[in-house]
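In: got a predicted structure here, sequence first:
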Amino acid sequence: MHNLPNSLKTGLAALGSFRVLPVGIWALGFVSMFMDISSELIHSLLPVFMSSVLGASMTDIGLIEGIAEAAAAIIKVFSGAISDFIGKRKFLAVLGYGLAAFTKPVFPLATTIGWVFVARFIDRVGKGIRSAPRDALVADIAPLEMRGAAYGLRQSLDSIGAFFGPLAAVVFMLLFAGDIKSVLWVAVVPGFISVLLLVSFVHDPERAAGHSGKEGPLSFGDAMRLPVDYWLIVLLGAVFTLARFSEAFLVLRAQDVGLSLGYVPMVFVVMNITYTLSSYPAGVAADQFSSRTILISGLVMLAAADLALAGAASPLLVFIGAGLWGVHMGLTQGLFAKLVADTAPSVLRGTAFGIFNLVSGISLLLASLIAGMLWSAFGAPSTFIAGAVFVTISVFGLLFYRRSPHRREEGRKDSDVGYKR
């Protein structure tokens, strides 16, 4: 075994961990998958719906996307901290997924941009409520030595849903002869399937159910107990997000270069194929190899995507850029979740995910606003060139980041501690 090539060792490790991950991890993955089928079916058509049907400008779209994601990020802080306090994650996850499911019918009912804004905002509030507790629940359920694989599997199933959602949008756009509102109604069904799976098959682990939560009241002082390594990950994640604005601009770029309306969701299909294929192997690799190396590889993919999208004169280059964008997502998103879980004390894990997502959400708001304004003022290529500039900044940040062995061992020991100290 020791003489096998590293790539073969990684493949065998992936196969082994794939089989033995707990049922709760699989269930959370399928919950994410069905909700993403619902959400991505809507989101793959929403930018075009807003611009072509409702007459929204690029700046309007950037503002709506940014505010919605920032609202989700702010709520993640509170939902994560509350899940630490009460010692139960599932309740908040069900609340968040349920809220998102009940808002899906609002999109096809929308007649003005205001309706879309409200629906998008409430949908992201649901995401904000569920995300930090769900991510912390993955760490609670998964064995420590398989944490990267667990996040990779959940992310991979999530991206499978993100693949089938836009694909369903293309199919139903053809079946319904381009009637966007009729297609949006289809998204309601998988949203409610997601909630049913969560209620039936996911449970808080024994150690959480046996405790009332963390000791003491919720306070901002809890954040001060998070280690320096964690805050470096938060900062790095913020810069990453500045380089990766809303995927809505990929759809708009495809339309900009002449792709017909019915096939515009194929951009998300291509992106999520590569996202799906790269997420789980990247998660397994994160358990064995340098996180920095994997993150830099992800940034290289994002830079290549930005350059392809900036120079695109035909749908082919947009599809290539979308595929590279998906590889970047697969290499980085699950890994950031693992890094947060590794650096945060288990008693504050929900809070840690909440803060991380808050900072990333604010960055996404800024990135989407900047992208929309650059597009409106200077054209589509400037939006993606600006993204490439932030990628370069991120690479320099990674070159300076190095986690000390003492902090790394300290984080591993703390991960085995329950909700009470």
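Out: Everything's here; your move. Numbering: from 1, shown residues only.
In: return the distance of residue 391 relative to residue 22.
Out: Separation of residue 391 from residue 22 (CB to CB, to the nearest Å) stands at 36 Å. Bear in mind the C-beta positions are built from the backbone N, C-alpha and C, glycine included.
In: and the two? Which one has more around it.
Out: Per other CB atoms under 10 Å, whichever of residue 391 and residue 22 has more neighbours is residue 391, with 25 against 15.
In: surely that one touches residue 304?
Out: No - Residue 391 is beyond contact range of residue 304, at 9.5 Å (criterion: CB atoms under 8 Å).
In: quick one: end-to-end distance for stretch 50-65.
Out: Its first and final residues considered, stretch 50-65 spans 11 Å by CA to CA, to the nearest Å.
In: can you list the buried residues in it?
Out: 50-51, 54, 56, 58-65 (16 or more other CB atoms under 10 Å).
In: what do you get for stretch 153-161?
Out: Result for stretch 153-161 [16+ other CB under 10 Å]: buried residues 153-161.
In: including secondary structure and pLDDT, could those go into a markdown table?
Out: Listed next are the buried residues of stretch 153-161 as a markdown table, based on DSSP: H, G, I helix; E, B strand; the rest coil; pLDDT from 0 to 100:
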| residue | secondary structure | pLDDT |
| --- | --- | --- |
| 153 | helix | 84 |
| 154 | helix | 85 |
| 155 | helix | 77 |
| 156 | helix | 79 |
| 157 | helix | 87 |
| 158 | helix | 84 |
| 159 | helix | 75 |
| 160 | helix | 84 |
| 161 | helix | 86 |
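In: which of those residues lies closest to residue 137?
Out: The closest of the buried residues of stretch 153-161 to residue 137 turns out to be residue 154 (CB to CB; 10.0 Å).
In: now, the buried residues of stretch 50-65 that are in helices?
Out: 58-65 (DSSP state H).
In: hmm, residue 188 is touching residue 105, no?
Out: Yes - between residue 188 and residue 105 there is a contact at 5.6 Å, judged by CB under 8 Å.
In: residues in contact with the most centrally placed residue in the chain?
Out: In the chain, the centroid-proximal residue (CA atoms, centre = their mean) is residue 333; its distance is 6.3 Å. Residues in contact with residue 333, defined by CB atoms under 8 Å, 6 or more residues apart in numbering, are 155, 279.
In: so how far is residue 108 from it?
Out: Distance from residue 333 to residue 108, by CB to CB: 29 Å.
In: what of residue 41?
Out: Taken as CB to CB, the span from residue 41 to residue 108 is 11 Å.
In: do residue 34 as well
Out: For residue 34 relative to residue 108 (CB to CB), the value is 19 Å.
In: of the two, who's got more company?
Out: Neighbours per residue (other CB under 10 Å) separate residue 34 from residue 108, with residue 34 holding more: 26 against 19.
In: ok, now which ones touch the closest residue to residue 165 other than its chain neighbours?
Out: Spatial nearest neighbour of residue 165, excluding adjacent residues (CB to CB, 6 or more residues apart in numbering): residue 40 at 3.0 Å. Residue 40 makes contact with 161-162, 165-166, 169, 268, 272 under the criterion CB under 8 Å, 6+ apart.
In: right, and residue 331 touches residue 282 too?
Out: Yes - here residue 331 lies in contact with residue 282, judged by CB under 8 Å, at a distance of 4.8 Å.
In: anything in contact with each of those two?
Out: residue 294.
In: count of neighbours near residue 313?
Out: With other CB under 10 Å as criterion, residue 313 counts 9.
In: relative to residue 256, how far out is it?
Out: Applying CB to CB to residue 313 and residue 256 gives a distance of 10 Å.
In: between the ones in helices among the buried residues of stretch 50-65, which sits nearest residue 263?
Out: The closest of those, once distances to residue 263 are taken by CB to CB, is residue 61, at 19.8 Å.
In: would you check that that closest one makes contact with residue 52?
Out: No - using CB under 8 Å, residue 61 is not in contact with residue 52; the gap is 11.3 Å.
In: list the residues that are in contact with both of those two.
Out: With CB under 8 Å, 6+ apart, residue 61 and residue 52 have no common neighbours.
In: so where's this structure shaky on pLDDT?
Out: Confidence mapping of the chain against pLDDT under 70 gives the ranges 1-19, 69, 73, 76-77, 80, 206-223, 397, 400-421.
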